[in-house]
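Asker: the sequence isn't on hand, but the structure is:
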């Protein structure tokens with residue numbers, strides 16, 4: 001053993017041996033190459049030191065120095081004698097512990113080896129005697145070394161000891177670091193953190209795009225134009241979560257291939273100045289480099305008429321290509337002039353089978369198993385302290401696909417919420433069962449996903465297009481005497497949050513317009529339902545509206561009064577010239593002057609006559625007209 005002359009000493013981070021400052025670098029080279037002489041390294045030959053520096057690269061990719069499962073088979077092989085096992089174990093314990101990490105020299109010193117070094121420096125037993133006596137214990141950090149007592153087990157006990165070692169620490173006999181254990185436990189949780197799952201699963205190519213086959217399916221006109229980089233100005237109209245923004249992102253990715261400039265704005269936050277600045281940049285790009293510019297405006301219906309007019313001349317001359325996305329009817333929310341310069345693409349709600357494909361794709365990306373599908377138990381990670389596998393019932397996936405009402409964003413976010421809630425509730429220890437079987441699994445059931453959704457996601461906007469669609473469907477269902485459809489559309493509106501008084505007013509109107517004189521009691525029923533809704537409100541008044549809707553659906557129908565009034569109204573509107581004056585005998589005469597002017601003269605008061613009275617009640621120009629024909 002060499003004696004160092006300097007007083008400054010440092011500790012080797014690999015073997016915990018204190019050395020002089022001048023020789024620590026050479027010691028590290030040799031220590032990491034596993035060349036140990038009597039426990040302390042000594043490099044006195046400069047050529048040897050240079051040779052050690054050259055061989056530094058060899059330790060970065062070395063795999064021979066990592067203890068693995070071969071050590072278990074070597075130690076517990078029935079062909080080796082007890083003495084050979086003891087000797088090999090002692091030699092193995094004197095080898096420095098080197099892992100496969102690229103910067104293993106900066107890892108935390110192994111407690112077991114450091115404890116041996118400390119006992120040696122304190123004057124107690126030597127490392128060799130400590131190993132031989134079996135007094136050293138495993139602390140749970142770093143590779144585990146077997147003591148001679150463990151190696152010296154009887155031949156019948158050796159297989160059980162080896163199996164216990166593998167069951168406790170997995171292949172390589174190396175137990176996981178607590179931080180690694182925690183990282184594996186939160187692997188699914190980590191995947192769910194950050195962006196919402198709906199944003200993470202957003203497709204980037206047409207091959208990944210699910211749904212809307214009629215619009216962007218194979219061999220469709222729009223698909224062909226988009227793939228050939230010929231993007232027209234578009235207005236994407238559809239319900240939430242149907243793929244409008246995703247389609248715009250796919251167009252943006254395709255634009256990168258042709259160097260087309262793609263700018264994204266949101267009408268909820270962008271101003272007119274932002275739009276003008278982007279248009280100015282687009283003009284410069286077109287003039288200098290002939291580069292096209294596509295502007296995507298999300299929620300374009302949020303722009304007012306003046307803001308929408310900003311795009312008109314630039315879309316007209318081709319300076320920009322406009323792509324707008326909206327959930328509102330463009331006929332009412334987009335300028336007619338701008339609408340004529342763009343093509344409206346109608347996107348439909350996603351059906352349940354396509355929603356199920358989207359959900360299963362997300363489940364696979366998270367590493368979650370579908371419970372009803374066959375899984376090979378051998379493929380699961382059953383090593384020590386592994387993460388419990390997460391399963392989801394197939395019925396749960398179907399439930400989300402059905403309840404999200406064709407909204408992919410709602411379905412994916414509800415799935416994410418259910419998984420996160422289930423993982424947070426299941427704080428199971430990361431260990432195997434007592435029988436040594438597979439780890440405990442976490443199952444996400446149908447009840448969990450229903451709790452994530454709380455209720456069926458109903459597409460209904462009290463001030464939007466769906467509001468008028470539903471009330472029209474209710475009116476036509478009652479007119480057609482379909483009581484079941486009437487109840488369905490009524491429930492659809494009320495569950496979507498519609499004002500019950502609005503529905504009651506429409507029922508009053510229907511009672512007179514469609515039932516009319518065929519059943520005069522219908523109007524009484526409708527007015528009573530309105531008053532009852534005004535008195536008790538929701539949710540108690542929903543049955544009042546249901547009763548009235550069924551009564552009106554079953555009642556006989558007559559539009560005689562409704563049609564006659566429309567004829568009278570058309571007569572008034574279509575009259576040419578000044579409207580005829582009221583005949584004098586029909587005029588009221590509250591004053592003497594009016595009586596002197598002839599107001600009310602020759603009027604026959606009908607109750608005074610027992611027989612029908614012959615008297616004209618229409619102006620001279622309209623005599624003989626019949627509005628009921």
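Answerer: Looks like it came in fine. Quick caveat: nothing in here was measured; it's all calculated off a predicted structure.
Asker: residue 418 touches residue 443, doesn't it?
Answerer: No. With contact defined as CB atoms under 8 Å, residue 418 does not reach residue 443; the gap is 11.5 Å. No exception for glycine: its C-beta is placed from N, CA and C like everyone else's.
Asker: more neighbours: which of these two?
Answerer: Neighbours were counted for residue 418 and for residue 443 using other CB atoms under 10 Å; residue 418 has more, 23 against 15.
Asker: which residue packs closest to that one, ignoring adjacent ones?
Answerer: Among residues not flanking residue 418 along the chain, residue 452 sits closest, at 3.8 Å (CB to CB, 6 or more residues apart in numbering).
Asker: ok so that neighbour is a strand residue?
Answerer: No. Assessed with DSSP: H, G, I helix; E, B strand; the rest coil, residue 452 is helix; it does not lie in a strand.
Asker: number of residues surrounding it?
Answerer: Neighbour tally, residue 452, other CB under 10 Å: 21.
Asker: again, but for residue 619
Answerer: Residue 619 has 14 nearby residues by other CB under 10 Å.
Asker: list the residues that contact it.
Answerer: When contacts are counted by CB atoms under 8 Å, 6 or more residues apart in numbering, residue 619 touches 580-583.
Asker: three-state assignment of residue 611?
Answerer: coil.
Asker: how close does the residue nearest to residue 418 get to residue 421?
Answerer: Going from residue 452 to residue 421 by CB to CB, to the nearest Å gives 7 Å.
Asker: so where's this protein shaky on pLDDT?
Answerer: By pLDDT under 70, the weakly predicted segments of the chain are 1-7, 34-186, 372-387, 427-439, 454-464.
Asker: all strands of it, in order?
Answerer: 9-11, 18-20, 234-237, 261-266, 293-298, 321-326, 343-346, 369-370, 390-392, 442-444 (DSSP state E).
Asker: got these as a markdown table, with distance to residue 467 columns?
Answerer: A markdown table is the format used below for those (distance: least, CB to CB, whole Å):
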| stretch | distance to residue 467 |
| --- | --- |
| strand 9-11 | 76 |
| strand 18-20 | 81 |
| strand 234-237 | 16 |
| strand 261-266 | 24 |
| strand 293-298 | 22 |
| strand 321-326 | 16 |
| strand 343-346 | 18 |
| strand 369-370 | 38 |
| strand 390-392 | 36 |
| strand 442-444 | 35 |
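Asker: any idea which of those gets closest to residue 204?
Answerer: When the strands of the chain are compared by CB to CB, strand 261-266 sits nearest residue 204, at 13.2 Å.
Asker: what lines up beside the closest one in the sheet?
Answerer: Paired neighbours of strand 261-266 in the sheet (DSSP bridges): strand 293-298 (parallel).
Asker: buried ones in the partner strand, by neighbour count?
Answerer: For strand 293-298, a neighbour-count test (16 or more other CB atoms under 10 Å) marks 293-298 as buried.
Asker: of these, closest to residue 307?
Answerer: Comparing the buried residues of strand 293-298 against residue 307 with CB to CB places residue 297 closest, at 9.6 Å.
Asker: tell me who's in contact with the closest one.
Answerer: Contacts of residue 297 (CB under 8 Å, 6+ apart): 265-267, 270, 303, 322-325.
Asker: in PyMOL, select just the buried ones from the residues you listed.
Answerer: Remark: buried members of those, expressed as a PyMOL selection using 16+ other CB under 10 Å:
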select buried, resi 265+267+270+303+322+323+324+325
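Asker: out of the contacts of residue 297, who's nearest residue 220?
Answerer: Among the contacts of residue 297, and counting by CB to CB, the member closest to residue 220 is residue 323, at 16.9 Å.
Asker: so the closest one makes contact with residue 226?
Answerer: No. Applying CB under 8 Å as the test, residue 323 and residue 226 come out as separate, 10.5 Å apart.
Asker: mind listing the shared neighbours of the two?
Answerer: residue 251.
Asker: right, so of the strands of the chain, which gets closest to residue 247?
Answerer: Among the strands of the chain, strand 234-237 comes nearest to residue 247, with 6.4 Å by CB to CB.
Asker: ranking the contacts of residue 619 by neighbours, who comes first?
Answerer: residue 583 (15 neighbours).
Asker: OK, contacts around that one?
Answerer: Counting by CB under 8 Å, 6+ apart, the residues that residue 583 touches are 616-617, 619-620.
Asker: recalculate using a threshold of 7 Å.
Answerer: Residues in contact with residue 583 (CB atoms under 7 Å, 6 or more residues apart in numbering) are 616, 619.
Asker: one step back: columns distance to residue 594 on top of the contacts of residue 619, output as TSV?
Answerer: Listed next are the contacts of residue 619 as TSV, based on distance: CB to CB, whole Å:
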residue	distance to residue 594
580	20
581	14
582	13
583	14
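Asker: quick one: which of those is nearest residue 532?
Answerer: Once CB to CB is applied, the member of the contacts of residue 619 that ends up nearest residue 532 is residue 582, at 41.1 Å.
Asker: leaving out chain neighbours, which residue sits closest to that closest one?
Answerer: Leaving aside its chain neighbours, residue 582 sits nearest to residue 619 (7.3 Å; criterion: CB to CB, 6+ apart).
Asker: could you pull up phi and psi at the one you found?
Answerer: Here is the backbone geometry of residue 619 (degrees, to the nearest 10): phi -60, psi 160.
Asker: wait, residue 420 touches residue 193, no?
Answerer: No. Counting by CB atoms under 7 Å, no contact exists between residue 420 and residue 193, whose distance comes to 9.0 Å.
Asker: any idea how far residue 210 is from residue 419?
Answerer: Distance from residue 419 to residue 210, by CB to CB: 20 Å.
Asker: of these two, who's got more company?
Answerer: residue 419 (26 against 17).
Asker: so what's that one up against?
Answerer: Here residue 419 is in contact with 192, 444 (CB under 7 Å, 6+ apart).
Asker: so how far is residue 16 from it?
Answerer: 45 Å.
Asker: so which bits of stretch 309-319 are buried?
Answerer: The neighbour-count check on stretch 309-319 (16+ other CB under 10 Å) flags 311, 314-315, 319 as buried.
Asker: let me redo that: stretch 216-224
Answerer: 216, 222-223.
Asker: which ones among the residues you listed lie within helices?
Answerer: Among these, the members falling in helices (DSSP state H) are 216, 222-223.
Asker: just name the closest of the residues you listed to residue 344, please.
Answerer: When those are ranked by distance to residue 344 (CB to CB), residue 222 comes first, at 11.6 Å.
Asker: doesn't residue 215 make contact with the closest one?
Answerer: Yes. At 6.0 Å, residue 222 counts as touching residue 215 under the criterion of CB under 7 Å.
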